[in-house]
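Asks: Build the 3D model from these lines:
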Amino acid sequence: MTNGLPRGGAYSDTCFFLTDVDGTLLRRNVPLPPAVAEAARRYTALGGRLALCTGRSLPAAEETARRLGVNAPSVLCGGAALYDFQSRRYLDLRPLPPEVMEILRALLVQAPSVSVQALTEKTSYVLRRNRRLNAAGVPEENVGPLRSVEEVEGPVLKLTLCCEEPARLEACRRFFPEGRYRFTFASRSFVDVVAAGAAKGDALLRLARLVGIPPGRFLCAGDGLTDLPMLELAGYAFAPENAAAAVRAAADRVVPSVEQGGMALAFAEAARMLQSLPGGK
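Replies: Predicted structure coming up:
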């Protein structure tokens with residue numbers, strides 16, 4: 001459970017809201033509802049700080065950041081990067097170890113049913129597709145021709161593995177030694193792989209140091225198991241009702257589903273918290 005800050009209580013000189021994207025704000029077949037974007041902008045107009053904490057790469061996150069009016073450093077690539085959309089620059093990068101390229105070559109041979117995407121600072125390389133990726137993956141990251149490992153340019157920040165059979169994904173864990181990699185099921189069909197110490201919870205701690213706000217002063221929202229460490233560190237946590245059971249249990253407030261635009265209520269509550277602070281508008 002979170003730190004139990006009183007709803008609407010005065011707990012900081014500002015509010016910093018860190019939110020997941022996929023499954024929390026939108027889904028592949030459910031775009032960002034206008035009411036959610038409007039509520040987010042009302043919150044930032046009051047002086048609130050808003051950032052993304054997403055598994056998406058930069059190109060796949062930019063439009064959501066623009067529509068929400070993101071105004072604070074954000075977490076991309078599942079925690080491997082801190083990025084400032086306002087200055088358009090990376091503030092911190094935690095790439096996968098260099099031997100990941102050899103691991104990718106072995107994975108592509110030994111796990112033929114698993115799709116593989118490699119996310120870098122600039123783009124997402126699709127090394128293999130399957131039916132599940134085409135049906136449920138992030139569309140902005142599943143574009144272009146298939147690429148070889150040799151064509152991947154720049155350090156890899158995150159791998160996305162996908163398969164309809166969770167057991168086949170679980171079998172891929174052996175390629176990524178604990179202590180050097182963080183292998184996490186984002187959902188039943190998707191796994192995120194980042195460097196050890198580069199997951200979303202770790203990124204929240206780095207972001208907290210960067211902006212000078214303790215983790216317990218953050219508001220956070222998420223729906224998947226990759227979000228859980230972030231929610232547990234936050235002072236106040238939101239989860240949509242479509243979230244995983246463990247995530248709902250960790251939340252202080254469960255809001256309606258993505259289809260119902262539930263995050264509009266979360267941003268409205270954040271605005272009320274902000275207005276309750278000394279000097280609030």
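
Asks: Residues in contact with stretch 251-271: which ones?
Replies: Counting by C-beta atoms under 8 Å, 6 or more residues apart in numbering, stretch 251-271 makes contact with 1-2, 4-5, 7-8, 15, 17, 19, 23-27, 30, 33, 35-36, 38-40, 42-43, 46, 48, 219, 221, 231, 236-243, 248, all of which sit outside it. Any C-beta I mention is one placed from the backbone N, CA and C, and that applies to glycine too.

Asks: Now do stretch 186-198: distance to the chain's middle.
Replies: Between the centre of stretch 186-198 and the centre of its chain there are 10 Å (C-alpha atoms, centre = their mean, to the nearest Å).

Asks: Start and end of that stretch, how far apart?
Replies: Across stretch 186-198, the terminal residues are separated by 15 Å (C-alpha to C-alpha, to the nearest Å).

Asks: tell me the mean pLDDT over that stretch?
Replies: For stretch 186-198, the per-residue pLDDT values average out at 96.

Asks: Now do S148: how many residues are near it, please.
Replies: When counting by other C-beta atoms under 10 Å, one arrives at 11 neighbours for S148.

Asks: just to revisit the earlier point, buried ones among the contacts of stretch 251-271?
Replies: 2, 5, 15, 17, 19, 23-27, 33, 35-36, 38-40, 42-43, 46, 48, 219, 221, 231, 236-240, 242-243 (16 or more other C-beta atoms under 10 Å).

Asks: I'd like to know which of the residues you listed are part of helices.
Replies: Mapping the buried ones among the contacts of stretch 251-271 onto helices (DSSP state H) picks out 35-36, 38-40, 42-43, 231.

Asks: Need the contact partners of stretch 42-52.
Replies: Taking contacts as C-beta under 8 Å, 6+ apart, the residues outside stretch 42-52 that touch it are 14-21, 40, 61, 64-65, 68-76, 207, 211, 267-268, 270-271, 274-275, 280-281.

Asks: cutoff 7 Å now
Replies: Taking contacts as C-beta atoms under 7 Å, 6 or more residues apart in numbering, the residues outside stretch 42-52 that touch it are 14-19, 21, 40, 61, 64-65, 68-75, 267, 270-271, 274-275, 281.

Asks: How far away from the center of its chain is it?
Replies: Distance, stretch centre to chain centre, for stretch 42-52: 18 Å (C-alpha atoms, centre = their mean).

Asks: list the contacts for the residue nearest in space to the middle of the chain?
Replies: Central residue of the chain (C-alpha atoms, centre = their mean): T54, 1.9 Å from the mean position. When contacts are counted by C-beta under 7 Å, 6+ apart, T54 is found next to 20-21, 61, 75-76.

Asks: and the nearest residue to it once chain neighbours are set aside, how many neighbours?
Replies: Counting by C-beta to C-beta, 6 or more residues apart in numbering, the nearest residue to T54 once its immediate chain neighbours are dropped is V21, at 4.2 Å. The local packing count at V21 equals 25, with neighbours defined by other C-beta under 10 Å.

Asks: so where do the helices sit in the stretch 1-150 of the chain?
Replies: Listed in chain order, the helices of the stretch 1-150 of the chain (DSSP state H, counting those that start in this stretch) span residues 34-45, 58-68, 100-110, 131-136.

Asks: Out of those helices, the one nearest F176 is which?
Replies: For those, the distance to F176 is smallest for helix 100-110, at 7.0 Å, taking C-beta to C-beta.

Asks: in the longest helix seen in the chain, what counts as buried?
Replies: With residue count as the measure and DSSP H as the assignment, the chain has helix 263-276 as its longest helix. Of the residues in helix 263-276, those with enough neighbours to count as buried (16+ other C-beta under 10 Å) are 263-271, 273-275.

Asks: where does this protein have low pLDDT?
Replies: By pLDDT under 70, the low-scoring segments of the chain are 1-13, 278-281.

Asks: Domain ranges for it, per the record?
Replies: Structurally, the chain divides into domains by automatic domain parsing as follows: 16-94+199-276, 100-195.

Asks: tell me the most buried of those domains?
Replies: When neighbours are counted by mean count of other C-beta atoms under 10 Å, the highest per-stretch mean among the domains of the chain falls to domain 16-94+199-276, a mean of 21.

Asks: Quick one: distance of it to the chain centre.
Replies: That offset, for domain 16-94+199-276, works out to 8 Å (C-alpha atoms, centre = their mean).
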